[in-house]
Every structure is written in C-alpha cells, then in structure tokens.
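> Provide a 3D model corresponding to the input given below.
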Amino acid sequence: MKFIDPHVHMSSRTTDDYQAMQKAGIVAIIEPAFWLGQPRTEKGAFKDYYSSIVGWEPFRSSQFGIKHYCTIGLNSKEANNVPLAEQVMELLPLYAMKDNVVAIGEIGYDDQTEAEDRFFRAQIELAKEVNLPILIHTPHRDKKNGTLRSMDVLEEHGIDPKMAIIDHNNEETAKAVLDRGYWAAFTIYPRTKMGSERMVEVVKQYGSERIIVDSSADWGVSDPLAVPKTANLMLANGISKEDVHMTCYQNALDAYAQSGNMKESDWENGVTFDQSVLYGGNSVLRGQDPVKGTASDSDIIEN
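Here you go, the predicted structure:
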C-alpha cells in the first residue's frame with residue numbers, strides 16, 4: 001500500500017528515517033511549520049526556517065524518493081511573543097505562495113491566550129486571501145474547549161469546514177469535529193496524543209470519512225513510521241483495505257489538494273531522484289557514491 005504522512009517534521013529527523021519511510025510505502029509527506037523546542041528570538045530565525053522547508057527539505061526528501069510539501073504559519077506557542085510575532089506575520093505572505101505550500105498552519109491555540117487568538121485570526125484571514133486550506137493545531141491542555149473554540153473562530157471568519165483540517169484529535173473531540181463537517185486528523189504519537197490501538201477503535205466507531213492519520217514525528221520521542229504501522233494494525237483488526245486507504249492516504253490527498261499544489265501525479269509513477277544533483281552547492285551525500293532511480297527501486301542507498 002501507498003501512504004501519505006500529512007504531518008511530520010522532517011527537519012528534525014534523519015536520513016535513516018527517510019529511507020525507512022520510503023521502504024514502508026510512504027510516497028508523500030507534509031511538513032507543517034512549527035515550534036522547534038526552543039523559542040526563536042529573531043525574525044531572521046523564522047525566515048531561515050521557512051526557507052528550509054520550502055527549499056532544502058523538499059530537495060533532501062526527493063533524494064530518497066519521497067515528495068515533500070509543507071504548510072506555512074506562526075505557531076500558537078510563539079504567538080505569545082507579540083513584538084516578534086508581528087514581524088513574523090510580515091514574512092508569511094512571502095512564503096505562503098511557494099509551490100510546495102499546501103496550507104496555512106499549524107495555527108490555533110496553545111494556552112488560549114489573547115495573543116494566540118489575535119494571531120490565529122490574522123492567519124485565518126491570510127488563508128482566505130491566498131485561498132489555501134488551514135491546518136489547526138489543537139491544544140494539549142484543555143483540548144476539548146480549545147478544539148470547540150477553534151471551530152467557533154473559523155466559523156466567525158466564514159471558513160468552509162471542508163477547507164480546514166483539525167489535528168491532534170482524540171476520543172473526546174472526534175465526534176464534534178466530524179459532526180461540524182471538518183477533516184479530523186489524529187496524531188499517532190507514543191504514549192501521548194493517540195496510540196495505534198486507540199486509532200483502530202476510532203475508525204471502527206466513525207468509519208473512514210474525513211478521518212486522517214498522521215505521525216507528527218519531530219524532535220521528541222516519536223515515530224515517523226506511525227502511519228504505516230497503524231495501517232497494518234487496522235488491517236490486522238479487520239478494518240477494510242478501502243478504509244485504511246482512505247484514512248492513511250486518500251483523505252489527506254483530498255484535503256490538501258484543495259491548495260492546487262498537491263497532485264497524485266507528482267508521485268504516482270515514482271519520484272525520480274539523482275543523488276549527484278546539488279542544492280545550493282550541497283548534496284545529501286557525505287562521501288557515498290550517488291545513486292539514480294525512482295522510489296520504486298528496492299534499494300535507493302548503498303550502505
């Protein structure tokens with residue numbers, strides 16, 4: 001089976017992860033702009049990061065046969081540094097129109113502060129201006145109220161639910177998100193947001209319509225193979241191949257294809273790579289012999 005991981009922070013991951021993901025069947029990924037674990041203190045730090053996820057990281061991904069897309073946004077946690085957030089907002093339109101950007105995000109609430117609300121609303125308006133879907137980060141604390149408030153605000157700004165992906169759902173929020181017509185994404189993150197076994201039960205209860213599985217793998221204790229592992233567990237527990245395909249591939253494609261920048265034709269015949277190619281004078285190789293081919297090849301790197 002082919003898989004899409006529509007929420008994975010590859011800037012924090014290694015080459016080994018790209019190789020393992022490709023061999024597990026992941027053909028495309030989306031890297032949302034996010035918090036790096038340490039607050040940034042300068043506008044230039046955001047600029048360099050955004051440049052990386054629209055430039056270097058798509059190149060690095062392509063060298064291992066995986067198509068890379070990203071979302072652009074100011075995360076809720078760093079929205080609380082208001083003077084810096086105001087400067088970052090000036091950058092966002094410059095990056096939102098890049099070719100591999102498929103949404104504004106991940107945006108929303110962390111502690112549900114006044115500043116978070118201000119910049120959440122401003123970025124919703126940006127998404128409307130550039131006609132992109134919106135990826136919503138729901139808070140880890142007070143999740144249910146934060147999720148409901150996020151949807152209320154989206155609707156105050158006239159957002160069509162089909163243009164918003166509500167992420168990091170759990171059993172407490174799933175029904176409300178689906179009932180209001182949004183895409184409901186679930187992050188399979190070890191011992192915190194959602195486990196694979198719980199995800200199986202969610203799909204058994206709600207079916208596959210508008211449900212999306214992702215890993216949100218990052219610099220923490222996380223797993224970039226969470227999507228294929230969860231898909232395999234679904235199949236082992238009697239969930240149909242069609243429903244697994246919908247939750248681990250097709251729904252993500254349908255949601256983010258609304259951007260106009262994500263198309264199945266980008267990878268359906270394999271992502272061609274040539275590791276002799278350079279990006280800004282740099283290669284993904286460190287002394288190894290370059291390999292050419294497509295992601296359908298059984299081995300893309302010689303160890």
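> for the stretch 151-300 of the chain, what spans make up the strands?
Applying DSSP state E, counting those that start in this stretch to the stretch 151-300 of the chain gives strands spanning 164-167, 183-187, 211-214, 272-274, 292-294.
> Name the residues of the last one that are buried.
In other words, strand 292-294. Buried residues in strand 292-294, defined by neighbour count with 16 or more other CB atoms under 10 Å: Gly293. Quick note: C-beta positions are derived from backbone N, CA and C, even for glycine.
> Could you pull up the mean pLDDT of it?
For strand 292-294, the mean per-residue pLDDT is 78.
> Check which helices and strands it sits against.
Other helices and strands packing on strand 292-294, by 3 or more CB pairs under 8 Å, 6 or more residues apart in numbering; DSSP states H and E, are strand 272-274.
> From the contact counts, what lies against the strand it packs on?
On a contact count with 3+ CB pairs under 8 Å, 6+ apart, strand 272-274 meets strand 292-294.
> Name the strands paired with the strand it packs on and say parallel or antiparallel.
Applying DSSP bridges, strand 292-294 is found paired with strand 272-274 (antiparallel).
> In which helix or strand does Gln38 reside?
Using DSSP states H and E, Gln38 is not contained in any helix or strand.
> wait, which of the strands of the stretch 151-300 of the chain is closest to Gly105?
Closest to Gly105 of these, according to CB to CB: strand 164-167, at 7.6 Å.
> still on that earlier bit, mean pLDDT lowest for which of the strands of the stretch 151-300 of the chain?
Least confident of these, judged by mean pLDDT, is strand 292-294 with a mean of 78.
> ok, back up a step: nearest to Ser52 among the strands of the stretch 151-300 of the chain would be which one?
Among the strands of the stretch 151-300 of the chain, strand 272-274 comes nearest to Ser52, with 19.2 Å by CB to CB.
> related to what we said a few turns ago, can you redo the strands of the stretch 151-300 of the chain as TSV, where the extra columns are distance to Gly105?
Below are the strands of the stretch 151-300 of the chain laid out as TSV (distance: least, CB to CB, whole Å):
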stretch	distance to Gly105
strand 164-167	8
strand 183-187	11
strand 211-214	12
strand 272-274	27
strand 292-294	30
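> Next up, the contacts around the closest residue to Phe34 other than its chain neighbours.
Sequence neighbours aside, Asn75 is the residue nearest to Phe34 in space, at 5.3 Å (criterion: CB to CB, 6 or more residues apart in numbering). Contacts of Asn75 were listed using CB atoms under 8 Å, 6 or more residues apart in numbering, and they are Ala33, Phe34, Trp35, Glu106, Ile107, Asp110, His137.
> Tell me which of the strands of the stretch 151-300 of the chain sits nearest to Gln19.
strand 272-274 (11.9 Å).
> Name the residues that touch that closest one?
Ser62, Gln63, Phe64, Gly65, Pro290, Val291, Lys292, Gly293, Thr294, Ala295, Ile300.
> Pull out the buried residues from the longest helix seen in the chain.
The longest helix of the chain (DSSP state H) is helix 114-130. Using 16+ other CB under 10 Å as the test for burial, helix 114-130 gives Glu116, Asp117, Phe119, Phe120, Ala122, Gln123, Ile124, Leu126, Ala127.
> ok, then the element right after it?
Next in sequence after helix 114-130, counting helices and strands by DSSP H and E, comes strand 134-137.
> so how far is the helix or strand of the chain with the lowest mean pLDDT off the chain centroid?
In the chain, the helix or strand scored least confidently by mean pLDDT, DSSP states H and E is strand 292-294, which has a mean of 78. Put simply, strand 292-294 sits 26 Å off its chain's centre (CA atoms, centre = their mean, to the nearest Å).
> what about the helices in the stretch 201-303 of the chain?
226-236, 241-245, 251-256 (DSSP state H, counting those that start in this stretch).
> Mind putting the buried residues of helix 114-130 into TSV with pLDDT?
Converted to TSV, the buried residues of helix 114-130 look like this (pLDDT from 0 to 100):
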residue	pLDDT
Glu116	98
Asp117	98
Phe119	98
Phe120	98
Ala122	98
Gln123	98
Ile124	98
Leu126	98
Ala127	98
